[in-house]
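Q: This is the structure alone, sequence omitted:
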């Protein structure tokens, strides 16, 4: 059972925690949705955010629809101008959720440093 | 942008952290691989472990091949008997890796309890 896993010392050894919050059968927020919120905040529209993530507009729109439906208030608010695809902003709730999500990532990474090191030491 | 997200109070609100360790382009270990290790330990064969997870034998075999190649020592050891699909055990390294992975999950969940609560409070 051998495979050509890279053996060079400078190989990528990234450790991630990928928090996920379920609400019923839906993922209310997870790593992809958090990145999408950040992309919307930066890009100012769903179309541009989707493009920056190499994602279809429809997929981005559906992820945002799920988030908006899972939380008490919408996370992303769209404004349709004359154009078919208008601008979009993170609401106050969206900013709060994104901030909490990033904080959870940071807290997890910090709390698990010793175990991460022990795990990485076992890598080839 | 509304969607039929369940609104009952008793709706599932599970929070997970899903640690992932990369080694080069491969995921050396993540939630699926950790569950597979646990299934092998319980079932005693790759075939039975795969079946218990609703996964094809080939997929389970490939995930194990990746793990075995990413770490210094194999995590799963197979023994072929007379039958085509023999028994499989978790090696000492396999047990160590699985233990560290579960510890990281526990540590992450514990360290983020307050933020998790704040996040969940925003759910509908």
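A: Thanks, I have it. Small disclaimer: the values here were computed from a predicted structure and weren't measured.

Q: neighbours around residue A:44, how many?
A: Neighbour count of residue A:44, defined by other Cβ atoms under 10 Å in any protein chain shown: 15. To be clear about C-beta, it is placed using only N, CA and C from the backbone, and glycine gets the same treatment.

Q: same thing with the one 5 residues further on?
A: Neighbours of residue A:49 under the rule other Cβ under 10 Å: 24.

Q: now do residue A:69
A: Neighbour count of residue A:69, defined by other Cβ under 10 Å: 20.

Q: Using neighbour counts, pick out the buried residues of the one helix or strand it maps to.
A: Taking DSSP states H and E as the criterion, the element that holds residue A:69 is helix A:57-70. Within helix A:57-70, the residues that count as buried by 16 or more other Cβ atoms under 10 Å in any protein chain shown are A:60-61, A:63-70.

Q: lowest average confidence, helix or strand, in chain A?
A: Ranking every helix and strand in chain A by mean pLDDT, DSSP states H and E puts strand A:76-79 at the bottom, with a mean of 92.

Q: The buried residues of helix A:57-70 also near chain B: which ones?
A: Of the residues in the buried residues of helix A:57-70, proximity to chain B by Cβ under 8 Å from any Cβ of the partner chain holds for A:61, A:64-66, A:68-70.

Q: buried set for the longest helix along chain A?
A: Longest helix of chain A, by residue count under DSSP state H: helix A:92-111. By neighbour count with 16+ other Cβ under 10 Å, helix A:92-111 contains the buried residues A:93-94, A:96-98, A:100-101, A:104-105, A:107-109, A:111.

Q: which ones are touching the nearest residue to residue A:70 once chain neighbours are set aside?
A: Distances taken as Cβ to Cβ, 6 or more residues apart in numbering or on different chains place residue A:28 nearest to residue A:70, at 3.8 Å, with adjacent residues excluded. By Cβ atoms under 8 Å, 6 or more residues apart in numbering or on different chains, the contact set of residue A:28 is A:21-22, A:66-67, A:70-71, B:123.

Q: Which of the residues you listed sits closest to residue A:118?
A: Sorting the contacts of residue A:28 by how near they are to residue A:118, with Cβ to Cβ, puts residue A:21 at the top with 27.6 Å.

Q: Give the bridge partners for that closest one, please.
A: Beta bridges link residue A:21 to residue A:29, residue B:15, judged by DSSP bridges.
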